[in-house]
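# Below: sequence and its predicted model.
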Amino acid sequence: MRAKPLMIQGTMSNVGKSLLTAGLCRILWQDGYKVAPFKAQNMALNSCITEEGLEMGRAQVVQAAACCIKPSVLMNPILLKPTTDMGSQVIVKGEVYGNMEAREYFTHKKLHRAVAFEAYEKLAGSYEIILIEGAGSPAEINLRQDDFVNMGLAEKVRTPVLLVGDIDRGGVFAQLYGTLMLLCENERDLVKGLIINKFRGNRDLLQEGLSMIEARSAKPVLGVVPMLDVDIEDEDSLASRFTHKRPDAVLDIGVIRLPKIANFTDFYALEATEGLRIRYIDAVRDLQKPDMLIIPGTKNTISDLKWVRESGIDAAILDLASTHTPVFGICGGYQMLGNRVIDGDGVELAGGGSIAGLGLLSMITVFTKEKKRSLVQGRVSIFGSDQVYVEGYEIHMGQSQFSCSEEAKALFTRQGTVYGTYLHGFFDTPECRKALIEMLCKNKGIPIPKIRFFDLKQYREEQFNRLAAALRKHLDIDFMYKIIAEGV
């Protein structure tokens, strides 16, 4: 078997490539094809763990779910997790390769290019169709040499390309035409069609522009996709999640928006639950009086803890804890709740460092060069309920050591109304969310609302199918099949 490829590229980051790829994956699966996603290099702070204990980008995990297959690091062989404005932790085939600044990373580019091509070839030998997602823009002309993410990959595997532009940001015709004009002629020939994404309003008003861009580019427009009302975890949803409102909520949960916030999908199930309002907070003035405060995961615990102090949010957290408002830390946020964070080997910071924590949990965290990666499931007594089932994954560098034994459990830690866990996905199970809401309602002295505590896996399936139905309506799927069959 040798898979036929199709590649989705964008005029820039956040045009909706990940979501469109997931939706097309679901359409191909619905139509009976054995399909898999592929992204040679992903830059993201959202990651996940495979059954083998290897790390890959969350977007490709979601796309694999749309294909109804298990995720594999072959689908995302290179993952960059930004640690500073200039550097990232580099993950190669699911393992930590090292921390590098951009200039150093580019000296390893040929090596990573070979790894990515090898991963693609292995994947292509097991599926009928590979749906490839590009990264950023293919018109980054300063990065063209040794490219293996956009057109460099497209030329290597001989794949037709669909180019996506984001009309919500404005200037979509300039995006599409300008991108095409900056490509080499042989690269431009690989582009078989254009997609306009995130449209609001009357499509008829676009018709003249659609005709003109087709005439000037000599590329057909496959469709105009509206701003879709679907709830799927993807990188491009980050900004909208941070501004999401739910005016009918009876409970208010604040999440500190750390500068290096990671795995914000930990709150996906909470955001979709009736009766809950999830607010992302990046200033003391926005904190108000939440019914619960969560400190999320971060790619740089020490740097973000310094930001918490500099912004004055630390005092607000301590004030809330002193009034018995539940405070919950996840991964890096969990580490911040302890007495001290120590990075003696320079795992996070060049030269290492040490910083006092918030002192709400009796523990210290010591960073080691070995990253813990594992899938976890079990039952815990938490939020006033016994034997609540939780599942998720651990992915962190630090190891926490406790100076007291008060409920320092394997899955979570509690001291009073302060909780912490390394488990990403802790709130995903219906039992956990039900126990949390019952506790918060009791604390607030209000009746427990009648809420449908949905199964997250079933909910995701419903959203994938809604996305696929919308794309079938607004895109020329027959043309997509035609270019897959014809290739280049």
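Sure, I can see it. Numbers count the residues shown, from 1 in each chain.
# all helices in the stretch 201-350 of the chain, in order from the N-terminus.
Secondary structure of the stretch 201-350 of the chain, counting by DSSP state H, counting those that start in this stretch: helices at 207-217, 238-242, 268-271, 301-310, 313-322, 332-336.
# could these go into CSV alongside mean neighbour count and mean pLDDT?
Every C-beta, even on glycine, is put in place using the N, C-alpha and C of the backbone. As requested, those are exported to CSV (neighbours: other CB atoms under 10 Å; pLDDT from 0 to 100):
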stretch, mean neighbour count, mean pLDDT
helix 207-217, 14, 95
helix 238-242, 13, 54
helix 268-271, 21, 91
helix 301-310, 20, 94
helix 313-322, 17, 96
helix 332-336, 29, 96
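# Output those helices as CSV; include the columns distance to residue 164.
Output for the helices of the stretch 201-350 of the chain, formatted as CSV (distance: least, CB to CB, whole Å):
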stretch, distance to residue 164
helix 207-217, 13
helix 238-242, 17
helix 268-271, 24
helix 301-310, 32
helix 313-322, 37
helix 332-336, 33
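# Mind checking these for the one nearest to residue 78?
Of all those, it is helix 238-242 that lies closest to residue 78, at 20.6 Å by CB to CB.
# What residues are bridge-paired with the residue lying closest to residue 475 once chain neighbours are set aside?
Using CB to CB, 6 or more residues apart in numbering and skipping residues adjacent in sequence, the residue nearest residue 475 is residue 223, 3.8 Å away. Applying DSSP bridges to residue 223 gives these bridge partners: residue 195, residue 475.
# Check whether residue 223 really touches residue 476, as I assumed.
Yes - between residue 223 and residue 476 there is a contact at 5.8 Å, judged by CB atoms under 8 Å.
# neighbour count winner among these two?
Of the pair residue 223 and residue 476, residue 223 is the one with more neighbours under other CB atoms under 10 Å, namely 23 against 15.
# How much space separates that one from residue 195?
With distances taken as CB to CB, to the nearest Å, residue 223 is found 6 Å from residue 195.
# thinking again about what came up before, compare the helices of the stretch 201-350 of the chain and give me the one nearest residue 460.
Between these, helix 268-271 lies closest to residue 460; by CB to CB that is 9.0 Å.
# what packs against that closest one?
Packing contacts for helix 268-271, counted by 3 or more CB pairs under 8 Å, 6 or more residues apart in numbering; DSSP states H and E, involve strand 276-281.
# Parallel or antiparallel, which strands does the strand it packs on pair with?
strand 251-256 (parallel).
# Tell me how far the strand it pairs with lies from the chain's centre.
In this view, strand 251-256 has its centroid 20 Å away from the chain centroid, taken as CA atoms, centre = their mean, to the nearest Å.
# cool, and stretch 109-116?
For stretch 109-116, the distance to the chain centre is 23 Å (CA atoms, centre = their mean).
# Just the buried positions in that stretch, please.
Of the residues in stretch 109-116, 109, 112-113, 115-116 count as buried by neighbour count, 16 or more other CB atoms under 10 Å.
# Sheet-wise, list the partners of the helix or strand hosting residue 89 with their directions.
For residue 89, the element it lies in under DSSP states H and E is strand 87-92. Strand 87-92 pairs in its sheet with strand 78-82 (antiparallel), strand 95-101 (antiparallel), by DSSP bridges.
# quick one: contacts of the first one?
Identification of contacts with strand 78-82 by CB atoms under 8 Å, 6 or more residues apart in numbering yields 40-45, 47, 55-57, 88-92, 105, 112, 115-116, 260, 262, 299.
# for the longest one, same thing?
The set of residues external to strand 95-101 that reach it, using CB under 8 Å, 6+ apart, is 54-55, 83, 86-91, 108, 347, 371.
# Tell me where the model's unsure across this structure.
Along the chain, segments meeting pLDDT under 70 span 1, 234-247, 350-351, 404-410.
# Can you give me the domain boundaries for it?
With domains defined by automatic domain parsing, the chain comprises 4-232+461-486, 251-448.
# would CSV of those with distance to residue 455 be doable?
Output for the domains of the chain, formatted as CSV (distance: least, CB to CB, whole Å):
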stretch, distance to residue 455
domain 4-232+461-486, 9
domain 251-448, 6
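# Going by contacts, tell me the helices and strands next to the helix or strand harbouring residue 114.
For residue 114, the host element (DSSP H and E) is helix 109-124. If you count contacts as 3+ CB pairs under 8 Å, 6+ apart, helix 109-124 packs onto strand 35-38, strand 78-82, strand 129-133, helix 151-157.
# Try it again at 7 Å.
strand 35-38, strand 78-82 (3 or more CB pairs under 7 Å, 6 or more residues apart in numbering; DSSP states H and E).
# got the angle for it vs strand 95-101?
150 degrees (axes from the mean of the first three to the mean of the last three CA atoms, to 10 degrees).
# contact partners of helix 109-124?
Helix 109-124 is contacted from outside by 2-3, 36, 38, 40-41, 74-75, 77-78, 92-93, 130, 146, 148, 156-157, using CB atoms under 7 Å, 6 or more residues apart in numbering.
# Buried ones among these?
Buried among the contacts of helix 109-124 by 16+ other CB under 10 Å: 3, 36, 38, 40-41, 74-75, 77-78, 92-93, 130, 148, 156-157.
# Farthest pair within these?
3 and 92 (22.6 Å).
# got the CA positions of stretch 174-189 in CSV?
The C-alpha trace of stretch 174-189 is given here as CSV (Å, rounded to 0.1, in the frame of the first residue of the first chain):
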residue,chain,number,x,y,z
ALA,A,174,-4.0,39.7,-1.0
GLN,A,175,-3.1,36.8,1.3
LEU,A,176,-3.8,34.2,-1.4
TYR,A,177,-2.4,36.1,-4.4
GLY,A,178,0.7,37.3,-2.5
THR,A,179,1.5,33.8,-1.3
LEU,A,180,1.2,32.4,-4.7
MET,A,181,3.4,35.1,-6.3
LEU,A,182,6.1,34.5,-3.7
LEU,A,183,6.3,30.8,-4.6
CYS,A,184,8.6,29.4,-7.2
GLU,A,185,6.9,28.3,-10.4
ASN,A,186,7.2,24.6,-9.7
GLU,A,187,5.8,25.2,-6.2
ARG,A,188,2.9,27.2,-7.6
ASP,A,189,2.1,24.4,-9.9
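# Kind regards, and thank you for your time.
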